[in-house]
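>>> starting from these lines, generate the structure:
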Amino acid sequence: MTFTICITSFIVPLLLGNGFVNFVAGLIYQRFSENADYPSGAALSILVLVVSLALVYMMSRLVRAAFRWQQ
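Next comes the predicted model:
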């Protein structure tokens, strides 16, 4: 189940971009598989993780503040 969810983050951008538009997931995939540039791929992966965690944190703070404001 987890693999199915994770593989969609690579397949859907590849189908939508058709090789002409680079998405971050496709770029990370290229760095690891085609270019064998592991440090660059790892750095991009960590960057995406940090940005995702920051967005989740900011949204949780906004929801928490909105909930307190309503009470």
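>>> mind checking the SS state of the residue nearest in space to the middle of the chain?
Computing the C-alpha centroid of the chain and ranking residues by CA atoms, centre = their mean puts Val48 first, at 5.1 Å. At Val48 the chain is in helix, as set by DSSP: H, G, I helix; E, B strand; the rest coil.
>>> 43 is where my numbering starts, stick with that
Sure, I'll start numbering at 43, so the last one becomes Val90.
>>> so it sits against Arg73, correct?
No - applying CB atoms under 8 Å, one finds Val90 not in contact with Arg73, separated by 12.0 Å. (Each C-beta comes from the backbone N, C-alpha and C, glycine too.)
>>> if we can go back for a sec, how many other residues sit next to the closest residue in space to the residue nearest to the centre of the chain that isn't next to it in sequence?
Leaving aside its sequence neighbours, Val90 sits nearest to Val66 (CB to CB, 6 or more residues apart in numbering; 5.9 Å). For Val66, the count of nearby residues is 14 (other CB atoms under 10 Å).
>>> likewise for Ala67?
20.
>>> shouldn't it be in contact with Leu58?
No - Ala67 lies out of contact with Leu58 (CB under 8 Å); the separation is 11.0 Å.
>>> can you list the low-confidence ranges for the chain?
Within the chain, the segments meeting pLDDT under 70 span 43-49, 51-52, 59-61, 113.
>>> rerun at 90
For the chain, applying pLDDT under 90 flags the ranges 43-79, 83, 90, 108-113.
>>> what are the ranges of the helices in it?
44-59, 66-71, 80-112 (DSSP state H).
>>> elements contacting the second one?
If I follow you right, that is helix 66-71. Secondary-structure packing of helix 66-71 (3 or more CB pairs under 8 Å, 6 or more residues apart in numbering; DSSP states H and E): helix 44-59, helix 80-112.
>>> could you find the closest non-adjacent residue to Leu69?
Leu86 (6.5 Å).
>>> check the gap between the one you found and Leu58 for me.
19 Å (CB to CB, to the nearest Å).
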